[in-house]
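Trainee: Here is a sequence together with a model predicted from it:
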Amino acid sequence: GGQAFWVPMFQFDAQDLTVRPESRRVLAELVPAYDGWALAMWFVQANAWLDARRPLAVLFTDPSSVLEAARADRFVATG
């Protein structure tokens with residue numbers, strides 16, 4: 001059987017498939033603390049720093065709050 005690859009398309013610009021700046025900044029905060037599925041799950045689960053909103057739901061309407069949440073969660077995860 002073939003293998004399936006899942007790509008989180010939300011992080012790319014639909015026009016040229018470059019990584020969107022909002023995504024790039026958040027990923028830069030999270031990658032030291034999260035990898036693979038843990039990183040993907042961070043974007044889709046309710047986040048206490050965001051008043052229980054999902055980071056993906058507000059990434060492009062409130063990117064600064066999502067970036068702050070990423071920083072806080074990275075700090076918690078890495079000490």
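Mentor: Done, it's in.

Trainee: Looks like Gln11 contacts Ser23 (just checking).
Mentor: Yes - look at Gln11 against Ser23 with Cβ atoms under 8 Å: they come within range, at 3.7 Å. Any C-beta I mention is one placed from the backbone N, CA and C, and that applies to glycine too.

Trainee: Looking at those two now, which is surrounded by more residues?
Mentor: Ser23 (21 against 18; other Cβ atoms under 10 Å).

Trainee: So for stretch 45-63, what gets flagged as buried?
Mentor: 47, 49-50, 53, 55-56, 58-59, 62-63 (16 or more other Cβ atoms under 10 Å).

Trainee: contacts for it?
Mentor: Contacts with stretch 45-63, where a contact means Cβ atoms under 8 Å, 6 or more residues apart in numbering, come from 10, 20, 22-23, 25-26, 42-44, 65-66, 68-70, 72-73.

Trainee: Could you export it as PDB, CA atoms only?
Mentor: C-alpha atoms of stretch 45-63 as PDB (Å, rounded to 0.1, in the frame of the first residue of the first chain):
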ATOM      1  CA  GLN A  45      -7.200  22.300  20.100                       C
ATOM      2  CA  ALA A  46      -8.800  25.000  22.300                       C
ATOM      3  CA  ASN A  47      -6.100  27.100  23.900                       C
ATOM      4  CA  ALA A  48      -6.400  28.600  27.400                       C
ATOM      5  CA  TRP A  49      -4.200  31.600  26.400                       C
ATOM      6  CA  LEU A  50      -6.800  32.400  23.700                       C
ATOM      7  CA  ASP A  51      -9.900  32.100  25.900                       C
ATOM      8  CA  ALA A  52     -10.500  28.600  24.700                       C
ATOM      9  CA  ARG A  53     -10.400  29.500  21.000                       C
ATOM     10  CA  ARG A  54      -8.500  27.300  18.600                       C
ATOM     11  CA  PRO A  55      -5.200  28.900  17.400                       C
ATOM     12  CA  LEU A  56      -6.100  28.000  13.800                       C
ATOM     13  CA  ALA A  57      -9.500  29.700  14.100                       C
ATOM     14  CA  VAL A  58      -7.900  33.000  14.900                       C
ATOM     15  CA  LEU A  59      -4.400  32.800  13.400                       C
ATOM     16  CA  PHE A  60      -5.200  35.200  10.600                       C
ATOM     17  CA  THR A  61      -7.700  37.500  12.400                       C
ATOM     18  CA  ASP A  62      -5.700  37.900  15.600                       C
ATOM     19  CA  PRO A  63      -2.100  36.800  14.800                       C
END
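
Trainee: Many thanks, I have nothing further to ask.
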